[in-house]
Structures are given as C-alpha cells and as structure tokens.
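# quick one, structure for this:
(2 chains)
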Amino acid sequence: DAGVIQSPRHEVTEMGQEVTLRCKPISGHNSLFWYRQTMMRGLELLIYFNNNVPIDDSGMPEDRFSAKMPNASFSTLKIQPSEPRDSAVYFCASSLRQGANSPLHFGNGTRLTVT
Amino acid sequence: AQSVAQPEDQVNVAEGNPLTVKCTYSVSGNPYLFWYVQYPNRGLQFLLKYITGDNLVKGSYGFEAEFNKSQTSFHLKKPSALVSDSALYFCAVRDGSSASKIIFGSGTRLSIRP
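From the prediction side, this is the model:
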C-alpha cells in the first residue's frame, strides 16, 4: 500500500499564476478530503468527496479555488489566480467511507509558496 | 455544531515521565473521537480512535486515550515518554449520529526533553 500520494511536494509560484495540486487516494477508499494547514488558522477542511461526488465545499475560501475528482483514483485542487495569502501546506486525505468511523489517511502534503 | 478544543499549545515533558495531551469536544450526538500525530514535513498519522465500548482506548506507539463523557474529554496519555514522541498532536471529532465531517483541534506541540 503506497498510501495517499500528493504532487508536487513543493510549489513556488508568482501571484496571479494558476496552481494545480494533485492527489491519488489509497485504492479502495471512496472518501477524499482536501485540507489546508497554516500557522495562523491550523488545519482547515476545504472540501470532501464521497464516491467522486463533492459533498461539502463550504470550506473553499473563494471562487478562485476549485476541486475535481474525475475518477476514484485522482483528484485535483486548483487555485486560479493564486495570491500570497494562499501560501500554506495543502493535504489530501482518504478514508474507506465517510459515513463510518474509518480514520483518515493523509498524504505528505504540498507546500505552496506564492510570491 | 461540533467542535474540539486543545487548550495547550505546547506540552513539555522529561523523557521517562508520563505525558497527557488534553482534548475536549462538543457534538450533538454520539462522538467519534480520534488522535493523530504529525511529524515535521509529513502528513497526519492516525494514532487511535474511540467509537464505543471501553472508555480507555489503546493505540499506536504505546499511546492511549481516555474517553470521559461527563467531562466531554478525550485526553491522550502515555505512561513513559520518549524523545521520539516529540511532534504535533491533533484531536479530532465527528458526530457519529449524522454524516458530518471530521473537525480537528488546533494541535498541541509535544516536546520531550532527554
């Protein structure tokens, strides 16, 4: 089991550029979560999917943020245009099923720096 | 609405001493409670969970947690701390009676001195 795989590990971009973060969940997991971690705000849930369908995107900060899950093995989080305040570590996590007590399995995150 | 609080930003313990990391929660239904650990430049790792049953839950790396319904607490404990336990610890809660999302606390940095 390779765990949750995120890419890239680090991303440095200039303000105004588009950023795409990628996630491959654990095979067989049907719930996927995107979190953002900052010193100031801690760990924030941005959006989560069940069976590739977005269930709750109330944590997405602005329309500049969008997430997709075209199939069970891939998800993207896009920021367009990016701003310096988007700098954070973005985590993807998956679980066996959202409606039960299954723990989350996190990837190692993407550290985004927007200059 | 559900919430979770970790009242201590940092806990300092000498190696070999017992440690406690505190967590309190608020949910409208039955709580599902979790502890996660985060090492530098890594994602969160699951340590243990409480769903139902015995109030004392045992998890990875010798950690355990005690569920206290009357105090709405779920404190993380270890009888003898190791320097390698130094990390960031997160408590999380989900309302088990509904399809609610998992909410994380603000985290507690545990520092174990040799």
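
# indicate the residue of chain B located nearest to chain A.
At 3.1 Å from chain A, B:Gly43 is the closest residue in chain B, using Cβ to the nearest Cβ. Any C-beta I mention is one placed from the backbone N, CA and C, and that applies to glycine too.

# which parts of chain A are strands?
Remark: strands assigned in chain A by DSSP state E are A:5-7, A:10-13, A:19-24, A:31-38, A:42-50, A:53-56, A:65-71, A:74-79, A:88-95, A:105-106, A:110-114.

# chain B: which of these is closest?
Per Cβ to the nearest Cβ, nearest to chain B of these: strand A:105-106, 3.1 Å.

# close to chain B, is the closest one?
Yes. For strand A:105-106 and chain B, the contact criterion (Cβ under 8 Å from any Cβ of the partner chain) is met by A:105-106.

# paired strands for that strand, with orientation please.
Looking at strand A:105-106 with DSSP bridges, its partner strands are strand A:88-95 (antiparallel).

# tell me how far the strand it pairs with is from the chain's mean position?
How far strand A:88-95 lies from its chain's middle: 5 Å, per Cα atoms, centre = their mean, to the nearest Å.

# hmm, who's touching that strand?
For strand A:88-95, the external contacting residues (Cβ atoms under 8 Å, 6 or more residues apart in numbering or on different chains) are A:4, A:6, A:21, A:23, A:25-26, A:29, A:31-38, A:43, A:75, A:77, A:102-107, A:109-112, B:43-44.

# quick one: work out the angle between it and strand A:19-24.
Orientation check (axes from the mean of the first three to the mean of the last three Cα atoms, to 10 degrees): strand A:88-95 against strand A:19-24 gives 30 degrees.

# tell me which residues touch the residue nearest the centre of chain A, please.
With distances taken as Cα atoms, centre = their mean, the residue of chain A nearest its centroid is A:Trp34 (3.1 Å). By Cβ under 8 Å, 6+ apart, A:Trp34 lies in contact with A:23, A:45-48, A:67, A:75, A:77, A:90-92.

# now swap in B:Ala14 and tell me
Counting by Cβ under 8 Å, 6+ apart, B:Ala14 makes contact with B:81, B:112-113.

# tell me the buried residues within those residues.
B:81, B:112 (16 or more other Cβ atoms under 10 Å in any protein chain shown).
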